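Visitor: Quick one, fold the following:
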Amino acid sequence: MGGRTVQAGLGRGAAQLGSHGVIGDSSPVVDHQEVDHPAVAGVAERPLRASGGHQAVDDGHGLFVEGDHALGVELADLVDEPWIMTPMDALGDSFLVKAFGMRGLPVPSLAITTFSIHLRNNLVRGGKFITALPDSVLQIERKRHWLNGRIAAKDAVRHYLWRKHGHRALFPKELAISNAPSGQPQVQPHITAPYAQPLHISISHKGRLAAAIAASRPVGIDVETIEARSDSFLALAFSAEELALLPGDAREEWIARAWAAKEVVGKVAGTGLRGNPRSFRLEAIRQQRICVNGLWVDTLKRENDVIAWRGEEDI
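Guide: A predicted model of the protein is given here:
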């Protein structure tokens with residue numbers, strides 16, 4: 001990592017949405033533990049888990065999947081997967097029975113039945129189970145993701161401006177986060193004019209963790225959970241040569257790092273992976289840094305997640 005360290009902003013969610021500020025002088029503090037994090041970034045967390053909802057049925061419910069299940073999922077692909085639902089969803093007139101029946105599919109067997117949405121979220125979190133929730137619940141979870149990302153992005157911008165230009169008295173309300181027509185997040189001054197130069201931001205969230213990065217040039221950041229990946233996912237995402245580059249130890253962690261690095265380079269390019277992750281090739285690995293299509297990406301393991309980013313110092 002070369003000892004390169006700069007400030008990062010951290011904001012914890014739940015009942016403390018306003019408690020984000022400058023932490024440390026050269027390296028950030030995460031839960032009061034110093035980490036080597038050489039990027040200008042903002043991080044926000046919430047204790048409530050929210051998986052990526054996918055609208056696969058048009059009946060007021062959304063499919064709640066995680067991990068490999070979320071890649072181009074169709075109901076026909078999920079008949080034999082382990083489902084977790086309420087006991088009522090096993091009845092003949094339930095929405096689950098109707099959703100599969102109207103498509104001529106057999107109704108999946110329920111591996112677990114529970115009335116607890118919290119338990120369902122936690123079990124889906126591990127990528128081993130699939131569930132479906134009413135749209136109203138999914139909308140709440142999506143809003144939590146959205147809010148976390150905005151908090152992290154504003155922290156990232158505030159810390160970037162503080163570090164680069166000495167802007168100390170800058171409040172979140174003075175920044176407006178929106179999306180460009182391309183879908184990329186963008187930031188603009190709001191109410192006041194705290195800065196003049198255009199800034200670039202990137203936002204990512206995975207479960208309860210959201211991260212963002214800001215700079216005067218295109219940047220990218222991505223969060224991935226360390227988990228087992230199926231052979232079909234690996235074949236879609238990596239060539240045999242790329243997989244051979246990854247260290248033999250902590251295999252699942254390095255696959256998460258490599259996938260996150262590809263996502264980052266896609267964000268820097270402004271195109272995303274374009275449905276062809278293999279076109280973003282892993283070329284080299286140096287310690288925790290990964291080179292994709294000639295661009296070096298920093299990666300960091302944080303608990304059971306990986307954060308990958310390419311910041312202004314990498315350009």
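Visitor: C-alpha only now, for contacts and for neighbours.
Guide: Fine.
Visitor: Any idea how far apart the tips of stretch 79-86 sit?
Guide: 17 Å (C-alpha to C-alpha, to the nearest Å).
Visitor: Show residues contacting it.
Guide: 105-115, 120, 128-132 (C-alpha atoms under 8 Å, 6 or more residues apart in numbering).
Visitor: Pull out the buried residues from that stretch.
Guide: Applying a neighbour-count criterion of 16 or more other C-alpha atoms under 10 Å, one finds W83, I84, M85, T86 buried in stretch 79-86.
Visitor: Reformat those residues into CSV and put distance to R302 and secondary structure next to each item.
Guide: CSV is the format used below for those (distance: C-alpha to C-alpha, whole Å; DSSP: H, G, I helix; E, B strand; the rest coil):
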residue, distance to R302, secondary structure
W83, 29, strand
I84, 28, strand
M85, 31, strand
T86, 33, coil
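Visitor: can I get those in CSV with pLDDT and distance to E224?
Guide: Putting the buried residues of stretch 79-86 into CSV (pLDDT from 0 to 100; distance: C-alpha to C-alpha, whole Å) gives the following:
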residue, pLDDT, distance to E224
W83, 87, 23
I84, 85, 23
M85, 84, 26
T86, 79, 29
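Visitor: Now render those as TSV, adding distance to E241.
Guide: Formatted as TSV, the buried residues of stretch 79-86 follow (distance: C-alpha to C-alpha, whole Å):
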residue	distance to E241
W83	36
I84	38
M85	41
T86	45
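Visitor: now, which of the residues you listed sits nearest G272?
Guide: W83 (31.0 Å; C-alpha to C-alpha).
Visitor: Mind listing what's buried along stretch 227-236?
Guide: Buried residues in stretch 227-236, counted by 16+ other C-alpha under 10 Å: E227, A228.
Visitor: cool, and stretch 269-282?
Guide: Residues of stretch 269-282 classed as buried by neighbour count (16+ other C-alpha under 10 Å): G272, L273, P277, F280, R281, L282.
Visitor: Just the C-alpha atoms of that stretch, please, in PDB.
Guide: Extracted C-alpha coordinates of stretch 269-282, given in PDB (Å, rounded to 0.1, in the frame of the first residue of the first chain):
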ATOM      1  CA  ALA A 269     -15.300   4.000 -17.200                       C
ATOM      2  CA  GLY A 270     -18.900   5.100 -16.700                       C
ATOM      3  CA  THR A 271     -20.200   2.100 -18.500                       C
ATOM      4  CA  GLY A 272     -20.600  -0.600 -15.800                       C
ATOM      5  CA  LEU A 273     -19.700  -4.100 -16.700                       C
ATOM      6  CA  ARG A 274     -22.000  -4.000 -19.800                       C
ATOM      7  CA  GLY A 275     -23.200  -7.500 -19.100                       C
ATOM      8  CA  ASN A 276     -19.700  -8.800 -20.000                       C
ATOM      9  CA  PRO A 277     -17.500  -9.000 -16.900                       C
ATOM     10  CA  ARG A 278     -14.900 -11.000 -18.800                       C
ATOM     11  CA  SER A 279     -14.100  -7.900 -20.900                       C
ATOM     12  CA  PHE A 280     -12.700  -6.400 -17.700                       C
ATOM     13  CA  ARG A 281      -9.600  -8.500 -17.300                       C
ATOM     14  CA  LEU A 282      -7.600  -9.100 -14.200                       C
END
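Visitor: hmm, who's touching that stretch?
Guide: Residues from elsewhere that reach stretch 269-282 (C-alpha under 8 Å, 6+ apart): 184, 218, 236-239, 242, 245, 258, 262-263, 265-266, 290-293.
Visitor: Let's see that with 7 Å instead.
Guide: A237, F238, S239, E242, K262, E263, G266, C291, V292, N293 (C-alpha atoms under 7 Å, 6 or more residues apart in numbering).
Visitor: Output the residues you listed in CSV, with neighbour count appended to each entry.
Guide: Listed next are those as CSV, based on neighbours: other C-alpha atoms under 10 Å:
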residue, neighbour count
A237, 21
F238, 20
S239, 15
E242, 15
K262, 28
E263, 26
G266, 21
C291, 20
V292, 22
N293, 15
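Visitor: Sitting in helices, which of those do you find?
Guide: Judged by DSSP state H, the subset of these located in helices is A237, E242, K262, E263, G266.
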